[in-house]
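Novice: Return a 3D structure for these sequence lines:
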Amino acid sequence: MKVLVTCLSQSWGGLEMYAITTVKLLLKDNIQAEILCIKNSRIFKESTANNFVVHTVESAGYFNLQAILKTKKILKNNYDLIHSHLSKDLWILVPALKLGFTKALLTLTKHVGSFIIKKDFLHRSLYNRVNKIFAISSVIQKNLVDTCPVDESKVELLLNGIDIEKFDPAKSDKNKIRNEYKIGDKLLIGMLARFTPGKGHEDFINAAEIVSKKYTEAKFLIVGEPSENEEEYADKIKQMVVDKNLSEKIIFTGFRKDVNDVLASLDIFVFPSHAEAFGLALVEAMAMEVATICSSSDGILDIAIDGETSLYFQNKNADDLADKMEQLINSPVKRKKLANRGRERVLEKFTSEIHASALISKYEKLLETNFN
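Specialist: Below is the predicted model:
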């Protein structure tokens, strides 16, 4: 089986990272996998660093003729299947497939929901060529059927997974971050997210302000960086901390590759996203046996179980978030219980092996159905 994974995005977040993960998983299972991305994008740099077979276009967008013609040439490499991680890629892939009379099957993983109905003639033409769509959560699965011109039979749930060898508390250094930022044994609460509106940075900071007044020794960690064109929002969030006189309480680490060590250092992990399609960072924290608090919304409901693996707080409600933080600060026993059950749930449902096995099985069934 020969697969071309595509993600023509200039950004760098969970969606883009999972395109890289898909190639790694396929290669690990001895499937010939290559990647198509934008030249000099972050995905390109990461793919090159991982020694993938990389194909590039200069830019993408809607009906980019240069990209379509370049992709048409790339598709002559006799792929059995093309797997895109960005629906916008269809505007390049479908014309390229049609112009080249290429019979390769086309699949799409839908990572992000849409509020726009896309059932016009052009979208019907694009989605008609897609053989199967994988939704990363139940809310995305429903959103796809509601907004896109696809039959329910074309859409299947495929939950993401993580590398539990990497996210293993027994193999991580819980003191690395504490020593680096001179935190010592103080209680540490953190969040990990790209700097973009809707990730809940404001809620986290407002809750930290409330909690820090009562628990003066507590420290807070914000991990992540802005993608292209998001620097202004990141600056706004950092200024918010200054304005609230929380600079001594809240630490900005920027982007970290040692996420497992970062998570290992935490007493409590917060996932305050307003409308997350899935939430890989939450799964990673659960795998690291950290007590988690998360907003009760969207794809998070497929991951965490309130009172069992995590505590839910009311979406966008900083007061409720602060209350849940206090509950866990005051109960090490509850933190331990949530942490243990959280890792168990990840091992049951969200490992890379479980994801890869399900994905390859779907590939094989699709190829068998269409070519036998």
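Novice: For stretch 48-64, buried residues please.
Specialist: 52, 54-57, 60, 64 (16 or more other Cβ atoms under 10 Å). C-beta here means a position set from N, CA and C on the backbone, and glycine is covered the same way.
Novice: before we move on, what about stretch 121-138?
Specialist: Neighbour count says stretch 121-138 has 123, 126-127, 130-137 buried, by 16+ other Cβ under 10 Å.
Novice: go on, stretch 144-156?
Specialist: Residues of stretch 144-156 classed as buried under the neighbour-count rule (16+ other Cβ under 10 Å) are 144, 147-150, 154-156.
Novice: One more: stretch 199-213?
Specialist: 199-212.
Novice: Including pLDDT, could those residues go into CSV?
Specialist: Supplementary listing: the buried residues of stretch 199-213 in CSV, determined by pLDDT from 0 to 100:
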residue, pLDDT
Lys199, 94
Gly200, 96
His201, 97
Glu202, 98
Asp203, 98
Phe204, 98
Ile205, 98
Asn206, 98
Ala207, 98
Ala208, 98
Glu209, 98
Ile210, 97
Val211, 98
Ser212, 96
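Novice: Let me have these in CSV, adding secondary structure as columns.
Specialist: Listed next are these as CSV, based on DSSP: H, G, I helix; E, B strand; the rest coil:
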residue, secondary structure
Lys199, coil
Gly200, coil
His201, helix
Glu202, helix
Asp203, helix
Phe204, helix
Ile205, helix
Asn206, helix
Ala207, helix
Ala208, helix
Glu209, helix
Ile210, helix
Val211, helix
Ser212, helix
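Novice: ok, back up a step: can you tell me which of the buried residues of stretch 121-138 are in strands?
Specialist: Applying DSSP state E to the buried residues of stretch 121-138, the entries found in strands are 132-135.
Novice: Reformat those residues into a markdown table and put distance to Asp80 and pLDDT next to each item.
Specialist: Below are those laid out as a markdown table (distance: Cβ to Cβ, whole Å; pLDDT from 0 to 100):
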| residue | distance to Asp80 | pLDDT |
| --- | --- | --- |
| Lys132 | 13 | 97 |
| Ile133 | 18 | 97 |
| Phe134 | 17 | 97 |
| Ala135 | 22 | 95 |
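Novice: with the residues you listed in mind, which one is nearest to Phe44?
Specialist: Phe134 (23.5 Å; Cβ to Cβ).
Novice: who are the neighbours in contact with the residue nearest to the closest one when sequence neighbours are not counted?
Specialist: With Cβ to Cβ, 6 or more residues apart in numbering as the criterion, Phe134 has its nearest non-adjacent residue at 3.9 Å, and that residue is Leu158. In this structure, Leu158 makes contact with 109, 134-136, 355, 358-359, 362, judged by Cβ atoms under 8 Å, 6 or more residues apart in numbering.
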